[in-house]
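**Q** Just a sequence and a predicted model for now, questions to come.
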Amino acid sequence: MPKDFLTLADWTAEALGEILARAQVLRSLHRSGERPQTLQGRTLAMYFEKPSLRTHVTFEAGMEQLGGHAVLLRPEQVGIGTRETPRDVALNLSRWVDVIMARTFSHALIEQLAEEASIPIINGLTDLLHPCQAMADLQTIAAIMDPAEAKIAYVGDGNNVAHSLMLLCAVMGMQICIAAPEGHQPAVQIQRKAEKIAAETGATIQVVEDPATAVADVDFIYTDTWTSMGQEDEAEWRRQVFAPYQVNAKLVELAPKAWLMHCLPAHRGEEITGDLLDGDRSLVYEQAENRLHAQKAIVEHLLLA
Ligand code: CP
Ligand code: NVA
């Protein structure tokens, strides 16, 4: 079993299936008011270089609900690379806490922290990947249908969320078609990796330009912001480039039964219209809730399995 939870590509379908099953148990326990104290005495350090609502609250609340504790670290406080080296930060934290969750711009930095630390590191989003989100999405899909049967379309920017969704589908033998404009399709190395895994698992991975092709008769349509954190200066031209990729009434007519997914935060009227995001077919708050349960299961798996 890998020490860290950095990319789903390192994990097997069997292990992700175990995490999913535990997340489902944790969700029903939580909803019936039970708080199993499986992480009593355990501490999570959370390091955020970018803003967060969901990741911050779900990791912190999740640790507390399981009897553990979380410590919030901000870059201006820690100064990785300015006040001290990534290696020294990783080695110090390894002496004090049990697990680290980091949200960094650079994926290379989280890989370096993982290499230096003797404790598990969880990727809470980098510019490249968002694996915790994909696990919550898997839990959300599994509550509706067998993920192996699910047809998923991702429409918009081929970003970190798209990458992790693609890797999730590859590992779990699922079917995904990503529609993104030229120049904004998923990174070639992620697509190649996903295709390599898919050759073993029977997953179907497709990347196209035309959103209509991607969404035809799918079960789930997923979208994310056109301007990710760190790209704010590009927001204006991105709105032009991605306009044909908006998830709106016309597009969803092509998939009349599709559920709508978004990792949030959302921009109503940009990547998705407000009526759809807030409508009956939207799963966005289920996804957000499942961050809590999926991440508890990830932390338990890393610390207790
Ligand atoms: N979806 C997600 O990761 O949300 P936050 O950026 O609020 O953590
Ligand atoms: N792609 C988005 C996801 C936010 C959860 C970003 O990186 O900002």
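**A** Looks like it came in fine. Ligands and ions are numbered 1, 2, ... in the order given.

**Q** Tell me, how many residues neighbour residue 58?
**A** Residue 58: 23 surrounding residues under other Cβ atoms under 10 Å. C-beta here means a position set from N, CA and C on the backbone, and glycine is covered the same way.

**Q** and this structure, which of its residues are near ligand 1?
**A** Contact residues (Cβ under 6 Å from any ligand atom) of the chain with ligand 1: 52-55, 125, 133, 263-264.

**Q** what about 5 Å?
**A** Residues of the chain lying close to ligand 1 (Cβ under 5 Å from any ligand atom) are 52-55, 263.

**Q** where along the stretch 101-250 of the chain do the strands fall?
**A** Using DSSP state E, counting those that start in this stretch, the strands of the stretch 101-250 of the chain run over residues 121-123, 151-155, 175-179, 204-208, 220-223.

**Q** Rebuild those strands as CSV, extending it with mean pLDDT and mean neighbour count.
**A** As requested, the strands of the stretch 101-250 of the chain are arranged in CSV below (pLDDT from 0 to 100; neighbours: other Cβ atoms under 10 Å):
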stretch, mean pLDDT, mean neighbour count
strand 121-123, 99, 26
strand 151-155, 99, 27
strand 175-179, 98, 24
strand 204-208, 98, 17
strand 220-223, 99, 27
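
**Q** Return the distance of residue 188 relative to ligand 2.
**A** As judged by Cβ to the nearest ligand atom, to the nearest Å, residue 188 and ligand 2 stand 19 Å apart.

**Q** any chance of the strands of the stretch 101-250 of the chain in JSON lines, plus distance to residue 12?
**A** Listed next are those as JSON lines, based on distance: least, Cβ to Cβ, whole Å:
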{"stretch": "strand 121-123", "distance to residue 12": "17"}
{"stretch": "strand 151-155", "distance to residue 12": "20"}
{"stretch": "strand 175-179", "distance to residue 12": "18"}
{"stretch": "strand 204-208", "distance to residue 12": "17"}
{"stretch": "strand 220-223", "distance to residue 12": "23"}
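
**Q** Out of the ones you listed, flag the one nearest residue 23.
**A** Counting by Cβ to Cβ, residue 23 lies closest to strand 121-123 out of the strands of the stretch 101-250 of the chain; the figure is 14.2 Å.

**Q** The closest one: how far from the chain's middle?
**A** Here strand 121-123 shows a centroid-to-chain-centroid distance of 12 Å under the convention Cα atoms, centre = their mean, to the nearest Å.

**Q** Fine, thanks again, bye for now.
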